[in-house]
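1. Mind looking at a prediction? Sequence and model below.
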Amino acid sequence: MGRIVLDKVSKKFGDVEVIPPLDLTIEDGEFAVFVGPSGCGKSTLLRLIAGLEEVTSGDVIIDEEVATQVPPSKRGLAMVFQSYALYPHMSVRKNIAFPLRMAKVDAAEQERRIDAAAKALNLTDYLDRRPGQLSGGQRQRVAIGRAIVRDPSAFLFDEPLSNLDAALRVGMRLEISEMHERLQTTMIYVTHDQIEAMTMADKIVVLQAGVIEQVGSPLELYNTPCNRFVAGFIGSPTMNFLEGDEAAKLGAHSIGVRPEHVAISTTDGAWKATVGVAEHLGSDTFLYVHPTDGGEAMTVRVDGEFSARHGDTVYLTPKAEKIHRFDAVGLRIT
Amino acid sequence: MSTRTLPRLLQSPAVLLLLVWMLVPLGMTLYFSFIRYVLNSLRRPEWTKPSLSNWRGFGNYEFVMNSKDFWFAIQNSLFIVCSILFATVILGILIAILINKAFPGQGIVRVLLISPFFVMPAVNAVLWINMILDPVLGLNGLAVAGINDLIANLQNAPLVGGFFSLWPEFEPISFRATQTSAYAVIMMVTWQWTPFAVLIFMTSLQSEDQQQKEAAVLDGAGVWSQFRFLTLPHLGRPIAIVVMIQAIFHLSLYAEIEIVSRGNGNKNLPYLIGEFANNNIGAASATGIFAVILANIVAIFLLRMVGKTLME
């Protein structure tokens, strides 16, 4: 079990309110991702759930029990830190055994659980090494192993992949998703990387300045962002926004259209523009184009076969049904 | 000239100077330790000049080993050094942990804590032996006298008077006595050197990874387990450094021993060398060689320990 409910939880550091009162429910077995720009309070929120920070007001409820006053070790949660936080003086085996040792689990049971975790994480050959002798990915696995052996009701991940290089990140992303499928345990994952959020989450929680902007599945957020912030944050490359006449025509203060929802033509279309930089990814090409009427530069995602050079004139036509409309304060108009 | 000769040539003056600096005193000590050489002798005036014709072989060494104070001095040297190390390391760790958390006035407290280290050893010894440990005028004497007065007054009190009249009169401890002078030296040097340990441990504690501690908290480790499994291993290397440096310094204690009891009941090797050097330079040199050997044994032992901690 691992149903976590935040009931009007708020956090102040001194006089600064980092998190105004917020409500959130994470269902048992869900993979929830907290995403937002740095400083948005997502890590603080995770630490509040873990009990490493005390809530200023409100309650953290874990499995229908108010856990606000329960010490971190008794909440049944396991956390994986960005810096891995492995114990440098202990071997991998002892690192993984540490929570069991603290819980006074008997030696045979410890041995069994360590072996199971090591096997699941491909660490069997490294059990007698020290963290200092391991690569970043291996250290991350040890940190996850230390979390798994406790058999927690929920896993908390605090930007676990940001210290890894790009290739490893993709690999570990898959491993964590795989682990979630296998264990079906609640996981809360904090990241600033919207690609990690989109690829792994059952439920994404978008945060800005301590406020939840939107909660939903990856595709809900992609298809119907509830405001301009979410629209701009989710999706890569980011959505193009237009204000002024174009928006007014559709009865909105601003309109947004994703780079992949703009049709491009060399002969005719709604907007005329000049090609700036073209980024060739092979399968796709990102074109950064400048409208000839002097508007904001736009990004367009075109097929990799499309050839356009710097300075070429192109015509753009947004797909009408894929245009997002926003009012003056940035809220979505439906 | 090859590319390696020039750097060697440029280094050589410094290397030579250091060699001469070390080898000449060591050579002279060795030479003196094998000859009869005294500063003043009316009966044998030829011994007052160092000369190979006064060759004594291992006679000086034999003389030193058979002198009544030698084995006691070695034992006492080790006792003093080990006691000081033990006390400073434990006190150092406790105080460093105590002042590691932020509190108002932290800066001042830290400066005050470090200050004993700036007191000269001789001044430190004079202050302690006269103002704190003196059985009449020092804190020791005053405190014991105060307790005795209090008990004397309570003996006349109703109800509890009978109980207190059973109490004996307390005697202040005389720290200049044969049996206790080593403890006086240990106390004053511990007071002076604990700040050194605190300083090193404090810097080390500040570099401790806080996320590791948080991970340990989540793993269910209590305060003691965090100390035992995270802080203590983290302090392993600084402890080795403190032990090593202090051992080397405290093997050569002199001023404190001289001031507390003039070596009465409390000699170490340097003090013994000083006593022999009043007249018998040959015996003093032989003792000096023994001191070098002892220091090397201790250093090798400690280096092993440091090496072991580094390996972990």
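-> Structure's in. What do you need? Residues are numbered from 1 along each chain as shown, chains lettered A, B, ... in the order given.

2. can you list the domains in chain A?
-> For chain A, automatic domain parsing gives the domain ranges A:4-226, A:237-326.

3. possible to save the ones you listed as CSV with distance to residue B:147 and mean pLDDT?
-> Bear in mind the C-beta positions are built from the backbone N, C-alpha and C, glycine included. As requested, those are arranged in CSV below (distance: least, C-beta to C-beta, whole Å; pLDDT from 0 to 100):
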stretch, distance to residue B:147, mean pLDDT
domain A:4-226, 45, 91
domain A:237-326, 80, 87
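
4. deepest of those domains, which one?
-> domain A:4-226 (a mean of 19; mean count of other C-beta atoms under 10 Å in any protein chain shown).

5. Span of it from start to end?
-> With C-alpha to C-alpha, to the nearest Å as the measure, the first residue of domain A:4-226 is 24 Å from its last.

6. re the thing from before, using JSON lines, lay out the domains of chain A together with distance to chain B.
-> Formatted as JSON lines, those follow (distance: least, C-beta to the nearest C-beta, whole Å):
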{"stretch": "domain A:4-226", "distance to chain B": "4"}
{"stretch": "domain A:237-326", "distance to chain B": "32"}
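
7. Can you tell me which of these is nearest to residue B:184?
-> domain A:4-226 (38.5 Å; C-beta to C-beta).

8. out of the domains of chain A, which comes closest to residue B:203?
-> domain A:4-226 (17.7 Å).

9. would you list every one of the strands in the stretch 51-200 of chain A?
-> A:57-62, A:65-66, A:77-80, A:154-158, A:186-191 (DSSP state E, counting those that start in this stretch).

10. Distance from the chain centre to the shortest one, please.
-> Average the C-alpha atoms of strand A:65-66, do the same for its chain, and the two points are 27 Å apart (C-alpha atoms, centre = their mean, to the nearest Å).

11. How about the first one?
-> The chain centroid and the centroid of strand A:57-62 are separated by 23 Å under C-alpha atoms, centre = their mean.

12. Give me every residue in the stretch 101-250 of chain B lying close to chain A.
-> With C-beta under 8 Å from any C-beta of the partner chain as the criterion, the stretch 101-250 of chain B meets chain A at residues B:209, B:211-212, B:214-222, B:225, B:229-230, B:233-234, B:236.

13. Tell me which residues touch the residue lying closest to residue A:124 once chain neighbours are set aside, please.
-> Closest residue to residue A:124 in three dimensions, ignoring its sequence neighbours and counting by C-beta to C-beta, 6 or more residues apart in numbering or on different chains: residue A:118, at 4.7 Å. If you count contacts by C-beta atoms under 8 Å, 6 or more residues apart in numbering or on different chains, residue A:118 has them with A:92, A:96, A:124, A:127, A:145.

14. Could you rerun that using 10 Å?
-> Contacts were defined as C-beta atoms under 10 Å, 6 or more residues apart in numbering or on different chains; by that measure residue A:118 touches A:92-93, A:96, A:124-127, A:141-142, A:145, A:148-149.

15. Of these, which belong to helices?
-> Per DSSP state H, helices hold the following members of the contacts of residue A:118: A:92-93, A:96, A:141-142, A:145, A:148.

16. Confirm that residue A:38 sits in a strand.
-> No - Residue A:38 is assigned coil when assessed by DSSP: H, G, I helix; E, B strand; the rest coil, not a strand.

17. Just confirm it contacts residue A:192, I think it does.
-> Yes - with contacts counted by C-beta atoms under 10 Å, residue A:38 reaches residue A:192, the gap being 5.6 Å.

18. still on that earlier bit, and the residues of the stretch 101-250 of chain B next to chain A, which are buried?
-> B:209, B:211-212, B:214-221, B:225, B:229-230, B:234, B:236 (16 or more other C-beta atoms under 10 Å in any protein chain shown).

19. any idea how far stretch B:115-122 is from the chain center?
-> Stretch B:115-122 has its average C-alpha position 13 Å from the chain's average C-alpha position, going by C-alpha atoms, centre = their mean.

20. coming back round to it: any idea which of the ones in helices among the contacts of residue A:118 is closest to residue A:234?
-> Lowest distance from residue A:234 to the ones in helices among the contacts of residue A:118 (C-beta to C-beta) belongs to residue A:141, with 29.0 Å.

21. Find the centremost residue of the chain, please.
-> Using chain A here. residue A:197 (3.1 Å; C-alpha atoms, centre = their mean).

22. hm, I was asking about chain B
-> Centroid-nearest residue in chain B: residue B:250, 2.9 Å away (criterion: C-alpha atoms, centre = their mean).

23. so who does the nearest residue to that residue once chain neighbours are set aside touch?
-> Leaving aside its sequence neighbours, residue B:250 sits nearest to residue B:81 (C-beta to C-beta, 6+ apart; 4.6 Å). With contacts taken as C-beta under 10 Å, 6+ apart, residue B:81 has the following neighbours: B:186, B:189, B:243, B:246-253, B:268, B:298.

24. circling back to that earlier point, quick one, what contacts the residue nearest to the centre of chain A?
-> Residues counted as contacts of residue A:197 (C-beta under 10 Å, 6+ apart) are A:32-36, A:189-191, A:203-206, A:218, A:221, A:233-234.

25. at 8 Å instead, please
-> In this structure, residue A:197 makes contact with A:33, A:35, A:191, A:204, A:218, A:234, judged by C-beta under 8 Å, 6+ apart.

26. out of these, which are inside strands?
-> Members of the contacts of residue A:197 lying in strands (criterion: DSSP state E): A:33, A:35, A:191, A:204.

27. right, and the second one touches residue A:207 too?
-> This points to residue A:35. Yes - applying C-beta atoms under 8 Å, one finds residue A:35 in contact with residue A:207, separated by 7.1 Å.

28. what sits in contact with each of these two?
-> Between them, residue A:35 and residue A:207 have residue A:42 as joint contacts when contacts are counted by C-beta under 8 Å, 6+ apart.

29. which element is residue B:147 on?
-> Secondary structure from DSSP states H and E places residue B:147 in helix B:139-155.

30. Now that helix: buried residues?
-> Within helix B:139-155, the residues that count as buried by 16+ other C-beta under 10 Å are B:140-141, B:144, B:148.

31. could I get these as CSV with pLDDT and distance to residue A:43?
-> Putting these into CSV (pLDDT from 0 to 100; distance: C-beta to C-beta, whole Å) gives the following:
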residue, pLDDT, distance to residue A:43
B:140, 89, 56
B:141, 90, 61
B:144, 91, 59
B:148, 89, 63
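
32. now, which of those sits nearest residue A:24?
-> Taking the buried residues of helix B:139-155 together and measuring to residue A:24 by C-beta to C-beta, the closest member is residue B:140, at 65.7 Å.

33. quick one: contacts for that closest one?
-> Residue B:140 touches B:132-134, B:172-173, B:175, counting by C-beta under 8 Å, 6+ apart.

34. Specify which member of these is nearest to residue B:62.
-> Comparing those against residue B:62 with C-beta to C-beta places residue B:175 closest, at 35.1 Å.
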